[in-house]
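Q: Fold the following.
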Amino acid sequence: MQKHILSTAAALLFTLIAFAQSTITGRVLDAETKQPLEGASVFAQNTTIGAVTKADGSFKLAISRGGYELVISFTGYNSERLTVDASADQNIDIELKKEDKSLGEVVIKSSSEVADGWEKYGTFFIQHFIGATPNAAQTVLQNPEALKFFYYKRTDRLKVMATEPLRITNNALGYTLQYALDSFVYHYKTDVNSYRGNCFYLPLDGDSVQQRAWDSARLATYHGSRMHFLHAYYDSTIKREGFTIDMLSNSNRNQFLRLSNPYDTSYYFVDDSTGDVEMWYPNRISITYTKAKPESEYLQQMKLPLDVPVQISYVDLKDAILIKENGYFLDQRSWINQGYWSWKNLADQLPYDYKPK
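A: Predicted coordinates for the structure are as follows:
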């Protein structure tokens with residue numbers, strides 16, 4: 001009897017933790033007139049959580065515990081971003097300023113714009129933005145006409161911007177993405193690219209067979225991903241989840257040394273007051289996922305032996321990052337991927353509110 005009571009109590013506690021949510025309410029207003037903006041979009045960046053404001057400018061979001069970046073936008077106004085910690089209910093009023101259209105006109109009329117940009121750079125952009133993975137092969141950009149391409153000869157770099165949010169259908173994972181692309185930049189001299197923008201996920205409708213296929217594909221994509229690693233690091237379950245960490249040696253810059261304790265206070269710190277985890281490694285780290293092989297497409301594209309048994313990624317941290325309960329971390333710009341994770345682009349990313357079954 002006692003064992004049954006303890007098991008029931010443990011199950012109840014797990015349920016309470018799993019479904020712990022916070023509510024974020026507020027209003028979106030015109031910064032000058034203080035009048036409410038009806039129909040403004042409020043969503044948590046890289047999630048399926050969003051709302052549209054009512055006639056009084058009000059909105060309401062129910063989100064699980066963790067960190068989020070709220071994106072607030074309305075036609076004719078500058079968008080705003082706001083980082084929130086969903087540890088308690090909050091009420092927030094956001095004021096939007098009308099946008100200066102003259103700046104956008106200057107960008108559009110830039111002499112660096114490539115007239116036949118999509119024909120010349122379209123495939124290259126898709127491979128580096130959406131990806132070149134099996135999931136990317138099932139992902140379609142619905143409005144390529146929204147893209148504008150700029151090439152800067154002096155710095156040998158390509159910049160891509162969009163005149164409207166990109167509509168991307170990921171048939172592999174079962175999502176439609178609305179991606180407001182700020183910019184995509186590729187540096188040819190260093191073979192390094194970066195992109196930034198706001199992304200909102202909408203689950204695709206499908207029958208039970210399709211839903212099961214998407215559930216399976218999402219779980220396979222999650223295992224070994226950066227999100228999986230951050231969840232494991234936060235929960236102190238790295239070894240159990242199949243990850244190992246090696247750090248570049250100070251004495252030999254070509255050698256990585258296995259960390260026997262990734263939770264040493266030199267690298268890992270828990271803030272008991274907030275539950276946040278701080279992660280910092282002074283040298284490059286190698287993160288290996290031992291429970292799955294890399295896709296053959298990755299090995300072929302990288303010209304690696306086809307019998308490589310594990311997935312290996314490399315990470316440089318510009319500064320310490322703060323990891324939230326849902327895997328969101330700050331500052332996003334401090335994390336630089338190389339290796340396997342750098343091959344995974346938009347088509348292989350899951351929303352922050354995804355929970356593996």
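
Q: ok, the closest residue to E80 other than its chain neighbours to S79 distance?
A: Nearest residue to E80, sequence neighbours excluded (CB to CB, 6 or more residues apart in numbering): I72, at 4.7 Å. Using the backbone N, CA and C atoms, a C-beta is placed for each residue, glycine as well. From I72 over to S79 the distance is 6 Å, taken as CB to CB, to the nearest Å.

Q: cool, and P36?
A: Applying CB to CB to P36 and S79 gives a distance of 17 Å.

Q: ok, now T190?
A: From T190 to S79 the distance is 30 Å (CB to CB).

Q: what's the answer for E119, then?
A: 30 Å.

Q: Have a look at the two and say which one is more surrounded.
A: A count of neighbours by other CB atoms under 10 Å puts S79 above the other of E119 and S79, at 15 against 10.

Q: list the buried ones in the host helix or strand of E119?
A: Assigned by DSSP states H and E, E119 falls within helix 117-129. Residues of helix 117-129 classed as buried by neighbour count (16 or more other CB atoms under 10 Å): 117, 121-122, 125-126, 128-129.

Q: Mind checking the pLDDT average for that helix?
A: Taken as a whole, helix 117-129 has an average pLDDT of 96.

Q: Same question for stretch 235-251.
A: When pLDDT is averaged over stretch 235-251, the result is 95.

Q: what separates the nearest residue to S236 once chain neighbours are set aside from T139, distance-wise?
A: Once flanking residues are discounted, S236 sits nearest to Y263: 6.1 Å by CB to CB, 6+ apart. Separation of Y263 from T139 (CB to CB): 37 Å.

Q: more crowded one of these two?
A: More crowded of Y263 and T139, by other CB under 10 Å: T139, with 22 against 14.

Q: mind listing what that one touches?
A: Neighbouring residues of T139 by CB atoms under 8 Å, 6 or more residues apart in numbering: 130-131, 168-172, 346-347.

Q: Same list (those) but as a markdown table, adding secondary structure and neighbour count.
A: Below are the contacts of T139 laid out as a markdown table (DSSP: H, G, I helix; E, B strand; the rest coil; neighbours: other CB atoms under 10 Å):
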| residue | secondary structure | neighbour count |
| --- | --- | --- |
| I130 | coil | 23 |
| G131 | coil | 19 |
| I168 | strand | 20 |
| T169 | strand | 16 |
| N170 | strand | 23 |
| N171 | coil | 19 |
| A172 | coil | 21 |
| L346 | helix | 22 |
| A347 | helix | 26 |
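
Q: Could I get these in a markdown table, plus columns for distance to A44?
A: Shown next, in a markdown table, are the contacts of T139 (distance: CB to CB, whole Å):
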| residue | distance to A44 |
| --- | --- |
| I130 | 22 |
| G131 | 23 |
| I168 | 18 |
| T169 | 21 |
| N170 | 18 |
| N171 | 24 |
| A172 | 23 |
| L346 | 17 |
| A347 | 21 |
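
Q: okay, and for the stretch 151-300 of the chain, where does confidence drop off?
A: Low-confidence segments of the stretch 151-300 of the chain (pLDDT under 70): none present.

Q: show me where it has helices.
A: With helices called from DSSP state H, counting those that start in this stretch, the stretch 151-300 of the chain shows them at 208-222, 226-235, 238-241, 296-301.

Q: most packed of the ones you listed?
A: Among the helices of the stretch 151-300 of the chain, helix 226-235 has the highest mean neighbour count (mean count of other CB atoms under 10 Å), at a mean of 20.

Q: and that helix, what other elements does it pack with?
A: helix 238-241, strand 277-279, strand 285-289, strand 321-323 (3 or more CB pairs under 8 Å, 6 or more residues apart in numbering; DSSP states H and E).

Q: Now that we have those, can you turn them into JSON lines and tack on distance to R253?
A: Output for those, formatted as JSON lines (distance: least, CB to CB, whole Å):
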{"stretch": "helix 238-241", "distance to R253": "25"}
{"stretch": "strand 277-279", "distance to R253": "22"}
{"stretch": "strand 285-289", "distance to R253": "13"}
{"stretch": "strand 321-323", "distance to R253": "23"}
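
Q: I49: which of these is closest?
A: Among those, the nearest to I49 by CB to CB is strand 321-323 (19.4 Å).

Q: Find out how far the closest one is from the centre of the chain, if you would.
A: 14 Å (CA atoms, centre = their mean, to the nearest Å).
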